[in-house]
Structures are given as C-alpha cells and as structure tokens.
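S.K.: Generate a structure from the sequence data that follows.
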Amino acid sequence: MYRLKQKFFQIDGPTWLVALALYGAWVLLVWFNALLPWWIIVPVGAYLVAWHFSLQHEAIHSFRGVPAWVRFAVVFPPLGLWFPYPLYRKSHTTHHRDVDLTVPGVDTESYYVRQADWAGMSPLNRRVLMFNQTMAGRLLIGPILRLWSLAGKETRRVRQGDYGHLPHWAAHLAAVGILFWFISGVCGFPWWQYCLLVAYPGLSLGLLRAFTEHRAAEDSRERTASVESNVLFGLMYLYNNLHVAHHLKPAMPWYEIPRFYRENRHELLAGNGDFVYRGYAVLARRYFLTPVFSPVHPTL
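M.R.: A predicted model of the protein is given here:
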C-alpha cells in the first residue's frame, strides 16, 4: 500500500485527478447545456474555466511526473478561449523574477503604471484603471482590459517585425475552432453563449485570484500576499491563493502547499510583512467598490 501511494504521488496523481474531474465536468456541462438553466451554467462553467487556468499554471511550475509533451497536451485545450498556453507560460515565467515584482513594464502581471504614464492619461482612462482596482471592476471589466492590453502588445510586436508569436496564435485559433465545433456543432451550445456565460466569467474568476496577490513594497519579500480561503476557492486556485508560499517554493506541487503553509505560517507572514487576508469575503467587504491600491506605482 505504501508503495502504491508513493507511486501515485510520483506521477502527480492528485493533479491527474483534477484534470479528469475538470474535463469530465466540462464535457457534461456543455453536453447537457440545453437542460441546464443559465444560473447553473454560469457559476459551474466559470469555476471550471478558472480551475483550468490553475491547472495550466500548475503545469508551468510542477506536474513533473510526466513527460513535457504529455503535460503540454493535458493543459493545451483552450477552455477559457483567450490566451495561447505557450505564451502564458513564457509570460508567467518572467513574472516569477521576484526582484521585479510589480514593476510596470517589467513584471508581466503588474497592475501598476508609472507615474509619468499616469500623468499623460486622460481622466477617463484614469477612472477606468482606478475602477479596475476594485473587486467589482476586476470582475466586470478586468477581462476586457486584460484582452485589450494583450491585443495591443501582440499587434505592436507584429508591427515591429517580430512574428515569433504568430505560430502560437495560429495553433490557438485552430484549437478554438475545434472547441467551438464541439460546443456548438455537436452539443448545440451556441458559441457566443459559451463566450458570455462560461469563458468571460471564468476569466473574471481567474483574475480575482490576482486581485491583491502583489503590492509595491521596497522589500521584494513583502510584495506577495496570502489569501486564506476555504476549500472551494483553494481547490479552484490549486492553493495559489496562498501565494506567498508559491513564490517562495514555485516548484512545490499544489497539493503540498496547504500543509507547508500551515507548518510555516508564522515565518511566511513575518517575511511578507503580514500581507494576509482571511478570505475573499473579507476582500469583498473592504474593496468591492474601494480600490485595493492606487494603480500609480509609488516610486516609479
């Protein structure tokens, strides 16, 4: 029994169970979409898409018990539609240079802008960015802003003569086409409804995890937060809501994070300046309509 258990974890058994549960539930959701009301499709679909984002994140850092091509194949299907996995992997790897966390234009996942850029913005743009720093804004317009920024970066890259990302986009669009064929042609779930009822709210939930993951601080160790939430959110984010533990040990499998966090909580919070929240309900009460921080970087 011990050897079987050891082998189970050697091949990342818990991650395989997540993948099987996720894809199985997703197929059932789209297959039986005509029998389900929208108020079931939206939360379940959004949860599954956000869960899939977390699985992709896990494949970047861990899930090493299988060959690289298997790991890639498992997380490649674009359930969330929006971003080619290889480009996400490249961008997120850059984000993990902790010394550059929150630095605008360097940290690929920073929500800060430089003071000079802020000074040159129109009042409308400033209000939009400030609203995006509230939880309501992140959920409602966060995906739009993320996609707008992505489109701008990718088109600038092409205008500058860099075509290196185009093969990834071609493969991604082909995969989305196959996905829409299955969703609409086989399951009778209109593709535009999938975008509105599943993919968009799924991206919103994915962005909720990053709502207050990082803050500007002189000490880079104090830039990464921890949100101590329940199992429902913990599983959806594969416990990367305990983000300070993840940045300290990025290769640690998701299923080992909770125990590591419990055993080292005092040291972790002492190191990050007690940058911790007791759940997403606490964040909602404090920051649903109040900015969690100014989008203007305090020192740059």
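S.K.: State the mean pLDDT of the helix or strand harbouring residue 53.
M.R.: Assigned by DSSP states H and E, residue 53 belongs to helix 38-61. Averaged over helix 38-61, pLDDT sits at 96.
S.K.: from now on call the first residue 497
M.R.: Sure thing, new numbering starts at 497, so read that last one as helix 534-557.
S.K.: List the buried residues in it.
M.R.: 537-538, 540-557 (16 or more other C-beta atoms under 10 Å). Glycine gets a C-beta too; all of them are placed from N, C-alpha and C.
S.K.: before we move on, what about stretch 562-573?
M.R.: Result for stretch 562-573 [16+ other C-beta under 10 Å]: buried residues 562, 567, 570, 571, 573.
S.K.: CA atoms of stretch 513-522 as CSV?
M.R.: The C-alpha coordinates for stretch 513-522 follow below in CSV (Å, rounded to 0.1, in the frame of the first residue of the first chain):
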residue,chain,number,x,y,z
LEU,A,513,-7.5,13.6,-10.7
VAL,A,514,-8.0,17.3,-11.0
ALA,A,515,-7.6,17.1,-14.8
LEU,A,516,-10.0,14.2,-15.1
ALA,A,517,-12.6,15.8,-12.9
LEU,A,518,-12.2,19.1,-14.7
TYR,A,519,-12.5,17.9,-18.2
GLY,A,520,-15.2,15.4,-17.3
ALA,A,521,-17.4,18.1,-15.7
TRP,A,522,-16.8,20.4,-18.6
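S.K.: wait, doesn't residue 730 sit right on residue 737?
M.R.: Yes: with contact defined as C-beta atoms under 8 Å, residue 730 counts as touching residue 737 (6.2 Å).
S.K.: Who has more neighbours out of these two?
M.R.: Higher neighbour count among residue 730 and residue 737: residue 737, with 26 against 18, using other C-beta atoms under 10 Å.
S.K.: From residue 640, how far off is the nearest residue to that one once chain neighbours are set aside?
M.R.: Ranked by C-beta to C-beta, 6 or more residues apart in numbering and with sequence neighbours excluded, the top spatial neighbour of residue 737 is residue 723, at 4.3 Å. As judged by C-beta to C-beta, to the nearest Å, residue 723 and residue 640 stand 24 Å apart.
S.K.: And residue 659, by the same measure?
M.R.: Counting by C-beta to C-beta, the gap from residue 659 to residue 640 is 26 Å.
S.K.: Comparing those two, which shows the higher neighbour count?
M.R.: residue 640 (13 against 9).
S.K.: So the more buried one belongs to a helix, correct?
M.R.: Yes: counting by DSSP: H, G, I helix; E, B strand; the rest coil, residue 640 is part of a helix.
S.K.: what sits against the residue nearest the centre of the chain?
M.R.: The chain has residue 702 as the residue nearest its centroid, 4.4 Å off, counting by C-alpha atoms, centre = their mean. Shown in contact with residue 702 (C-beta atoms under 8 Å, 6 or more residues apart in numbering): 545, 546, 549, 550, 576.
S.K.: What residues sit buried inside stretch 508-528?
M.R.: In stretch 508-528, counting by 16+ other C-beta under 10 Å, buried: 508, 511, 514, 515, 518, 519, 522, 525, 526.
S.K.: tell me the SS of the fourth one?
M.R.: It stands for residue 515. Going by three-state DSSP: residue 515 is helix.
S.K.: nearest spatial neighbour of it, skipping sequence neighbours?
M.R.: residue 570 (5.5 Å).
S.K.: rewinding a little: closest one of the buried residues of stretch 508-528 to residue 684?
M.R.: Among the buried residues of stretch 508-528, residue 526 lies closest to residue 684 (C-beta to C-beta), at 9.1 Å.
S.K.: In terms of helices and strands, where is that closest one?
M.R.: Going by DSSP H and E, residue 526 is in helix 509-527.
S.K.: helices or strands next to that helix in the packing?
M.R.: Helix 509-527 sits against helix 534-557, with contacts defined as 3 or more C-beta pairs under 8 Å, 6 or more residues apart in numbering; DSSP states H and E.
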